[in-house]
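# no FASTA, just this:
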């Protein structure tokens, strides 16, 4: 049996490793367009923050290791340009310009996502970056090393933008952030978003909302960013306005696209074409909460999806039941966590969402280092079912969200959650965990604050 | 309506506050034998560790505050000696020696637990302590202040004993621990228990297992502890061999006792006598996992139980469905967490337990400060249902256990848990949370390690 996998990142390498482990005699060929496989993409901002740390420390496993110890035929520098599913083959070009073509028995599309670049002038200038691949990290790090970089402008205020605001501040840069929409993190409840905003401002980051990027021009001293009629000078510009699924290869082959233009897959990770599967950031997925299709590029989902795709490609039927949509990140001294639906997602999905935010402590109030946590639960007013949770605070936030993630998986109501026996000891929690306090308040369903 | 509550700690004060909030015109009388109400008992070891911190900083709310701002008739220094349920009254003595007697419409027994004191000579000597009440803390702290205390012997190795080994080490004492049974924490999986043992030894605590306390005698220089034929000199001895429910008052009134000799209560917190309720450390409870009666004195259960008892006493029927049995504590640099049943509890409850321990990282391996976590899941071999989880590690353990606690509440199987979308970001977790890795390994049901 020959398995061909397009893309050698989280989903692709999870799948190929699993197939080789289960079917050592099968042929597993992976085409990866870059030279890098299996690296911690989420670790890139932290690596960039530290001038002394080599980029290679982000590599979890080298291409050689996959080839030698696992027997995966991993072909880096190979771009797949066409899927011919009628003929059951893929074709492309390698890094030295040679064409290749190969037949497959089962195909996995794991092409990931790519950075969105606004269609304005100047995004290709020297000193203008995106951060999506390990190669992007290398370029940014080399630029910081070689040039006299003092001022950075970050376009966008999502996870990557925020993590990079911290990373570039740690490198001693003045950081200015610019974004189109008014709210900092639009999915976030406004009172939580304010906590993040305050933290950024206190840490010296200049926030500029409501400004649409018009273009970047080269000046004598560096770069000039034009946005919403204003001018921002910069030595380095990072475009971090989001990512989009790399689904064009699939689309050109006539494979159906789904949520947000990602490759549409069924519960068995199969695309609209039999024998062709997809996983990772290029594919859509299901929300465990709404049951509907969503596109949410997350590392765990990619790893999990790769593994499940492998099982199904090998003929072992395994259903993917969806994800809660849990995401955590750190920005300066603040931990941010969410799981499940946002208020607007809940409304779109036909729920009647109510929410409650409490400000509780991360530890017993008598304990050293007890810090405020803003904890919010969102539930359906009619049924009490939990729809989501969000938290921000300096301490004890990120791992706490897992309790809510499990509750979403179990389709618990808010009063069922309130009965949970969460951990208490003074160094770790108040007697009533912040999420229990939020649940208790939400049970009263006093309605959404004005 | 007159509500009489015996005991002014977590359960009693939770109940009385709730009744007064819901029924401001009702009479709520609380008899508390000590002068202290509403203090952080769990915070006592941390307070003792810090010579500069006043004992009063453990007080959450003073007796005056309950009296004045909540209108609770809180009578400290009042010992209830008899419950006459046929006549619907209680009687006792107050701290100045006067007798009292009062009728009740509804009665709550919230008498808590008391320290077990082995029946050997010398436990009443000066310098020999237990740690159960705020007054015990005061005595220990005063003794540490006034005397030249260099060597402490702790009898027992449970939570309190371990927390106090850290506290007394922090005060500069040489700490020796003595216990009867061989294993450090008998409920803990042996490989996890070893981690705790190693930590204690590394921090200079002398551990002596398999020695039964024979007695304590006064010597010229201080105290001498005789245990298992060995002799240990000490300036201070802490007896921390466990607690027992304070249920004698109830038993003498003919109220049925249940698990471990605690007051037996139904799902509505009512005892065998109509109109008399019980909550907190003196009462038994239900295991959400086995459905059976257990006695597990925990702060959250006491608070929750007090609240639920109040609701039921006021006629609002509220069921208590039981607890997972979640407990966390810190000993030196180690966090210890458990939820659910132990292996032996699972066997007694008729399950066929299998377990798997993994050693994973608390954060992404590339991230500064990533520390090993030993994470174990216990499940039923036949059904896959999760029965319990245990974790130890220096970082990221205590809040992580909540995910397993919620899973127990939801009666999840281990493969359902494996589908949970737990949080990932390099500063907080590997892509696969340690509990997911443990779940994945346990799913294979390779059996219990030798």
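Now that the structure is in, tell me what you want to look at. All figures in this text were calculated on a predicted structure; none of them were measured in a lab.
# what number of residues lie near the residue of chain A found nearest chain B?
Taking Cβ to the nearest Cβ as the measure, chain A has residue A:410 as its residue closest to chain B, at 3.4 Å. To be clear about C-beta, it is placed using only N, CA and C from the backbone, and glycine gets the same treatment. By the other Cβ atoms under 10 Å in any protein chain shown criterion, the neighbourhood of residue A:410 contains 21 residues.
# How about the contacts made by the closest residue to it other than its chain neighbours?
If the residues on either side of it in the chain are set aside, residue A:410 comes closest to residue B:410, at 3.4 Å by Cβ to Cβ, 6 or more residues apart in numbering or on different chains. Taking Cβ atoms under 8 Å, 6 or more residues apart in numbering or on different chains as the contact definition, residue B:410 lies against A:406-407, A:409-410, A:412, A:416.
# okay, and for chain A, where does confidence drop off?
Counting by pLDDT under 70, the ranges of chain A that qualify are A:445-450.
# can you do 90?
A:37-40, A:60-62, A:69, A:159, A:182-186, A:221, A:364-369, A:444-450 (pLDDT under 90).
# domain ranges for it?
Listed by automatic domain parsing, the domain ranges of chain A are A:2-35+A:77-114+A:244-313, A:128-239, A:327-443.
# Please identify the most buried of those domains.
Comparing the domains of chain A by mean neighbour count (mean count of other Cβ atoms under 10 Å in any protein chain shown), domain A:327-443 ranks first with a mean of 23.
# So what would you say the end-to-end distance of it is?
The first residue of domain A:327-443 is 25 Å away from its last residue (Cα to Cα, to the nearest Å).
# on that earlier part again, in helices only, show me the contacts of residue B:410.
Secondary structure of those is defined by DSSP state H; positions in helices are A:406-407, A:409, A:416.
# returning to what we had before: what's the closest of the domains of chain A to residue B:277?
domain A:327-443 (18.6 Å; Cβ to Cβ).
# now the residue most central in space within chain A: how far from residue A:405?
Nearest residue to the geometric centre of chain A (Cα atoms, centre = their mean): residue A:298, 4.1 Å. Here the criterion is Cβ to Cβ, to the nearest Å. By it, residue A:298 lies 12 Å from residue A:405.
# In this structure residue A:250 contacts residue A:109, no?
Yes - counting by Cβ atoms under 8 Å, residue A:250 touches residue A:109, with 5.3 Å between them.
# Return every residue with contacts to both of the two.
With Cβ under 8 Å, 6+ apart, residue A:250 and residue A:109 have common neighbours A:83, A:263, A:271, A:278, A:282.
# Can you tell me which residues in the stretch 201-350 of chain A are near chain B?
Taking Cβ under 8 Å from any Cβ of the partner chain as the criterion, the stretch 201-350 of chain A approaches chain B at residues A:288, A:298-301, A:303, A:321, A:323-330, A:335, A:337, A:339.
# Residues in a beta bridge with residue A:323, which ones?
For residue A:323, the beta-bridge assignment (DSSP bridges) gives partners residue A:287.
# Which strands or helices does the longest helix seen in chain A pack on?
The helix of greatest length in chain A, counted in residues with DSSP H as the criterion, is given as helix A:299-313. Contacts of helix A:299-313 with other secondary structure elements, assessed using 3 or more Cβ pairs under 8 Å, 6 or more residues apart in numbering or on different chains; DSSP states H and E, are made with helix A:10-22, strand A:106-109, strand A:276-278.
# switch to 10 Å and redo it
The criterion is 3 or more Cβ pairs under 10 Å, 6 or more residues apart in numbering or on different chains; DSSP states H and E, and the helices and strands that helix A:299-313 contacts are strand A:2-6, helix A:10-22, strand A:106-109, strand A:276-278, strand A:285-286, helix B:434-443.
# Just checking, which helix or strand succeeds the third one along the chain?
What that stands for is strand A:106-109. Counting by DSSP states H and E, the next helix or strand C-terminal to strand A:106-109 is strand A:113-115.
# Listing partners with orientation, what would you give for that next one?
Using DSSP bridges, the strands paired with strand A:113-115 in its sheet are strand A:243-245 (antiparallel).
# what's the partner strand in contact with?
With contact meaning Cβ atoms under 10 Å, 6 or more residues apart in numbering or on different chains, strand A:243-245 is reached by A:111-117, A:130, A:132, A:158, A:160, A:251, A:257-263, A:278, A:280-284, A:295, A:297.
# tell me the two of the ones in helices among the contacts of residue B:410 that are most distant?
Across the ones in helices among the contacts of residue B:410, no pair lies farther apart than A:409 and A:416, at 12.8 Å, counting by Cβ to Cβ.
# any shared contact partners between the two?
Applying Cβ under 10 Å, 6+ apart, one finds that residue A:409 and residue A:416 are jointly contacted by B:406, B:410.
# those helices in chain A, which residues are they?
In chain A, the helices defined using DSSP H lie at A:10-22, A:44-49, A:63-70, A:134-146, A:159-170, A:190-202, A:248-252, A:299-313, A:343-348, A:401-409, A:414-418, A:434-443.
# follow-up on the earlier one: from the shared contacts of residue A:250 and residue A:109, which land in strands?
With strands taken from DSSP state E, the overlap with the shared contacts of residue A:250 and residue A:109 comprises A:83, A:278.
# Would you check that residue A:186 makes contact with residue A:193?
Yes - counting by Cβ atoms under 10 Å, residue A:193 is a contact partner of residue A:186 at 8.3 Å.
# residues in contact with the closest residue to residue A:223 other than its chain neighbours?
Nearest non-adjacent residue to residue A:223, counting by Cβ to Cβ, 6+ apart: residue A:234, 4.7 Å away. Residue A:234 makes contact with A:127-128, A:149-154, A:173-176, A:216, A:219, A:221-225, according to Cβ under 10 Å, 6+ apart.
# What of residue A:84?
Each residue near residue A:84 by Cβ under 10 Å, 6+ apart is listed here: A:90-91, A:101, A:103, A:253.
# Please determine how far it is located from residue B:89.
The gap separating residue A:84 from residue B:89 is 90 Å, by Cβ to Cβ.
# what does residue A:278 give?
Distance of residue A:278 to residue B:89, computed by Cβ to Cβ: 74 Å.
# My read is that residue A:43 contacts residue A:137, right?
Yes - the pair formed by residue A:43 and residue A:137 meets the contact definition of Cβ under 10 Å, at 9.3 Å.
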